[in-house]
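**Q** the sequence and its predicted three-dimensional model are supplied below.
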Amino acid sequence: MGGLPWNPLRSRDGRQSKLPLYENLNTPNKERDSNDSYDYSDDDEYSVTSSSPGTSNSRITSASISAATPIMSKRNFMVAGRPRQPLGYRLPNKVIRYLCFGLSSFIILMILTLIRASHNENKALAEGKIDRPASAPPAWDSYPFLTRYYGGIRNLVSFSQSVPEYPRSPGEPPIDKMSYVNNSNWKPEIEERSLPTSKEYIRYPQSVFQKAPEEFQECYLDKANKVRVPPIHYYDGRPNGFPEPVLGSYELLGLPEDICFERYGRYGPYGFGYSVRSGGLGTGEHGEKEGFESTWEKVPQVDWKGMDWADIQKRCYRANAARYKTQPPKHSAPHGFYINEGSTAMNIQARDTAPAGSPQGEVVKEKISAPAPGEESVGKKLPRTAVVIRCWDEYFWKEEDVMNVRSLISELVLASGGRYDVHLLVQVKNDAAHPIWADAAAYQKRIEETIPEEFRGLVTFWTETQMLSLYQGIFDLFARGPDLPVHGVYRGLQMAMQYFAYQHPEYDYYWQWEMDIRYIGHYYDLFTKIEKWAKEQPRKGLWERNGRFYLPSVHGTWEDFKQMARVQSEIGVTGADNMWEGVHGANKQPQQSNRGDKPIWGPERPKDPKDWFEPEDDPVPETPYEKDKYVWGVGEEAEYITFNPMFDPEGTTWGLADDITGYNTSAGNGMPPRRAQIITASRMSRRLLMKMHRETAFLKHHAFPEMWPGTVALQHGYKAVFVPHPLYVDREWPPELFARVLNNGKNGATGGSRTSVFGQREHNLIGLTWFYNSGFAPNLYRRWLGLKVNNDGGEEFEMTVDESKDGSSVNEMRGGEGRMCLPPMLLHPVKDVDLPVEAIPEDTLEIPESDPAA
């Protein structure tokens with residue numbers, strides 16, 4: 001093996017030998033497949049540079065060169081070069097990881113926070129805790145206000161001669177509103193003003209007292225049977241131009257429409273208009289009063305101090321007990337026994353219930369004087385009805401509330417000979433502070449602290465915790481949030497009424513009434529005519545009519561309305577819920593159709609048979625629907641009477657449509673059939689209330705108070721009737737448009753569709769005289785009482801003419817027509833009416849004359 005000779009004088013920088021060098025692959029020192037690693041270079045181990053052996057190390061021999069130097073240079077692989085280092089400082093990877101983790105956590109936390117905030121806002125909006133943003137004013141806001149509601153008794157004309165300001169036909173020319181004022185019998189140059197004569201309502205030819213007189217023992221306010229309640233007075237005619245009702249009908253129900261009532265004729269008999277010293281309320285002594293003394297022309301003013309309405313009602317019933325059904329005995333609760341039960345216990349009870357200061361013998365004598373069942377006269381016995389007024393213990397009673405309740409008791413109980421009884425169903429809001437269930441003395445003390453003395457005997461207390469203990473196990477949907485539970489006064493109000501009926505089996509019917517309802521007219525005349533009309537209604541098409549508003553100016557006669565409701569229900573009406581039916585791409589199956597509804601004929605059961613409760617007791621139709629000639633149901637007492645339509649809440653925007661619990665809604669059953677009506681004021685039969693009571697207690701079914709009675713009546717086939725009583729509107733609505741707005745639900749009804757007036761469109765009802773949030777009803781009532789509203793009305797308006805005004809609007813009325821006079825109408829809500837009240841006179845003290853010499 002040969003090689004070049006070694007020259008030690010050769011420069012280190014000499015050129016490398018051009019001869020190829022061969023590498024011995026079979027070196028004896030290392031195996032080929034050895035795992036030993038060698039570090040041949042620095043960081044760039046793939047960069048190889050060929051050099052002469054002499055230039056590497058002077059100690060390397062030719063043998064070692066031949067053994068170590070490859071004959072061919074190693075191949076240089078193309079490898080990406082190392083990136084250039086940034087000029088700034090580079091953060092460590094660990095810090096970068098922490099920063100990325102923190103940024104990601106912040107983003108996720110922000111997303112979750114926004115989701116939570118959106119959920120809370122939607123929940124608050126649904127619960128009404130946040131006002132929705134102001135929207136464009138509704139269409140009715142541009143309609144002018146009607147003015148002739150505020151005419152007075154000096155401008156009365158007969159009903160036949162009056163030209164109503166509203167409604168007007170589309171082709172009629174506009175009316176000059178000054179023409180109504182020019183017909184006034186008031187002349188500015190005449191100082192002495194003449195008034196028509198008021199009359200007693202019990203003498204009115206169309207009143208129930210004249211058309212259907214009853215024979216019974218007259219009821220008095222005192223035990224000596226000497227003090228009578230003065231009758232209310234009315235005036236013939238109406239103020240010139242007074243509008244007609246936009247909804248309902250006087251003629252249909254037999255209510256008087258050709259008369260009107262002013263405030264003294266309506267409330268004068270009950271203490272309005274004379275002083276506290278004389279036994280009155282000390283209010284009503286302001287404003288225009290001419291002719292008000294005619295209210296007490298035949299029957300003198302009553303001194304209302306010291307009245308006990310519970311005792312008055314009992315005496316009235318005992319005097320006429322022979323007219324009514326035998327009362328069931330009151331059984332004591334099964335809570336063990338009392339060892340001294342018997343005559344001694346009865347004497348103790350008589351002693352404890354005797355009025356303070358009255359001898360015990362008088363109580364015993366009254367009990368003995370009640371007629372025995374065997375002495376009752378032979379004939380048809382009349383059912384009795386309880387009128388239950390709902391209230392709460394913290395309610396602030398005012399003089400106007402007192403005279404309203406006095407009128408209710410006098411006109412229903414005394415005028416009917418004990419056919420009605422009036423009760424106060426009062427909620428104790430804080431039974432923790434007032435343990436009324438633990439101590440009878442606490443019960444009585446709370447009554448004395450909160451209820452006027454004359455009404456204390458009418459009170460029945462209830463609490464939310466009591467309802468919770470009675471109706472345990474109800475699944476609470478919290479439809480209005482956790483602050484309004486199902487047993488509370490808002491969502492469980494009907495429970496108290498159910499339990500009241502359970503405790504009072506002596507009544508066949510129960511009117512649920514409210515403290516903020518007022519009636520301009522006679523209560524007994526209203527109740528008897530409503531009950532009679534409801535009794536005459538046939539069942540065929542009844543639920544379909546119940547679900548619609550009746551506008552006589554648009555729908556014509558009642559018979560026309562009945563046929564319209566039948567045709568709309570059977571054939572169907574094009575509306576927002578079915579306007580795209582049959583259009584390609586509307587996601588509707590060809591065989592499906594929303595046109596027409598199956599008529600309701602008999603009970604409407606839930607789909608799951610397990611939700612049926614005691615169905616064997618339910619009434620069934622006598623004949624098929626097609627064969628009935630409007631006969632079934634005529635002469636049958638209504639189990640449920642309402643003052644607003646009973647609408648189907650399914651598909652509507654009403655916020656409480658799904659507040660119904662206890663039913664099986666899974667497995668395709670859906671929501672149970674149900675009906676609702678706004679405002680709980682209604683008449684319910686004992687059978688209906690007991691079915692509601694037992695179904696809530698045993699099957700845990702319940703719904704919102706405005707939906708529960710109608711739902712039970714629908715599912716059990718009970719007769720339910722909506723009474724189209726007269727309602728007035730404050731603005732000049734086009735009648736046809738108003739009818740479309742009100743009956744804008746499914747197939748011409750009020751409910752069953754998202755376009756229903758109940759829900760987001762309830763603002764269209766604010767101008768009516770009967771709705772839960774009506775603004776017109778309280779304003780009209782205050783003006784009628786002689787008060788100012790929005791700086792309009794009052795004493796000066798009633799007595800003085802302002803000829804500078806043209807009568808074109810409410811605030812441009814000239815006035816001087818005297819006290820307002822309204823025809824019979826129901827008003828709701830009327831709250832917090834503050835009447836000017838005289839100061840309670842202090843007892844004058846005798847001050848001795850001073851001694852001149854002192």
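**A** Looks like it arrived, so ask away. Residues are numbered from 1 along each chain as shown.
**Q** all contacts plus neighbour counts: C-alpha atoms, from now on.
**A** Fine.
**Q** quick one: the strands in the stretch 351-500 of the chain, in order.
**A** 385-392, 420-427, 459-462 (DSSP state E, counting those that start in this stretch).
**Q** need the winner for burial among the ones you listed.
**A** strand 420-427 (a mean of 23; mean count of other C-alpha atoms under 10 Å).
**Q** what helices and strands are in contact with that one?
**A** Packing partners of strand 420-427 (3 or more C-alpha pairs under 8 Å, 6 or more residues apart in numbering; DSSP states H and E): strand 385-392, helix 399-409, strand 459-462.
**Q** what about the last one, average pLDDT?
**A** Just to be clear, that refers to strand 459-462. For strand 459-462, the mean per-residue pLDDT is 97.
**Q** partners of that strand in the sheet?
**A** Partner strands for strand 459-462, per DSSP bridges, with pairing direction: strand 420-427 (parallel).
**Q** taking helix 399-409 as reference, get the angle to the strand it pairs with.
**A** Here strand 420-427 points in a direction 140 degrees away from that of helix 399-409 (axes from the mean of the first three to the mean of the last three C-alpha atoms, to 10 degrees).
**Q** contacts for strand 420-427?
**A** 313, 384-393, 408-409, 412-413, 458-463 (C-alpha atoms under 8 Å, 6 or more residues apart in numbering).
**Q** and it, C-alpha only, in CSV?
**A** Provided in CSV are the C-alpha atoms of strand 420-427 (Å, rounded to 0.1, in the frame of the first residue of the first chain):
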residue,chain,number,x,y,z
TYR,A,420,-127.7,36.2,49.0
ASP,A,421,-125.1,36.4,51.7
VAL,A,422,-122.0,38.6,51.6
HIS,A,423,-118.6,37.4,53.0
LEU,A,424,-115.1,38.9,53.2
LEU,A,425,-112.4,36.4,52.3
VAL,A,426,-109.3,38.1,53.7
GLN,A,427,-105.7,37.1,53.2
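**Q** and that strand, how far out from the chain's middle?
**A** 21 Å (C-alpha atoms, centre = their mean, to the nearest Å).
**Q** what's the answer for stretch 151-162, then?
**A** That offset, for stretch 151-162, works out to 37 Å (C-alpha atoms, centre = their mean).
**Q** how about stretch 478-487?
**A** So, by C-alpha atoms, centre = their mean, the centroid of stretch 478-487 is 14 Å from its chain's centroid.
**Q** tell me the contacts of the closest residue to Gly279 other than its chain neighbours?
**A** Among residues not flanking Gly279 along the chain, Asp303 sits closest, at 3.8 Å (C-alpha to C-alpha, 6 or more residues apart in numbering). By C-alpha under 8 Å, 6+ apart, Asp303 lies in contact with 278-280.
**Q** next, Met307: phi, psi?
**A** phi -70, psi 150 (degrees, to the nearest 10).
**Q** equivalent analysis for Pro383, please.
**A** Dihedral angles (degrees, to the nearest 10) for Pro383: phi -80, psi 160.
**Q** now it: how far from Arg323?
**A** 9 Å (C-alpha to C-alpha, to the nearest Å).
**Q** same deal with Pro726?
**A** 32 Å.
**Q** Ile678 reaches Trp708, doesn't it?
**A** No - Ile678 is beyond contact range of Trp708, at 11.6 Å (criterion: C-alpha atoms under 8 Å).
**Q** of those two, which one has the most company?
**A** Trp708 (22 against 18; other C-alpha atoms under 10 Å).
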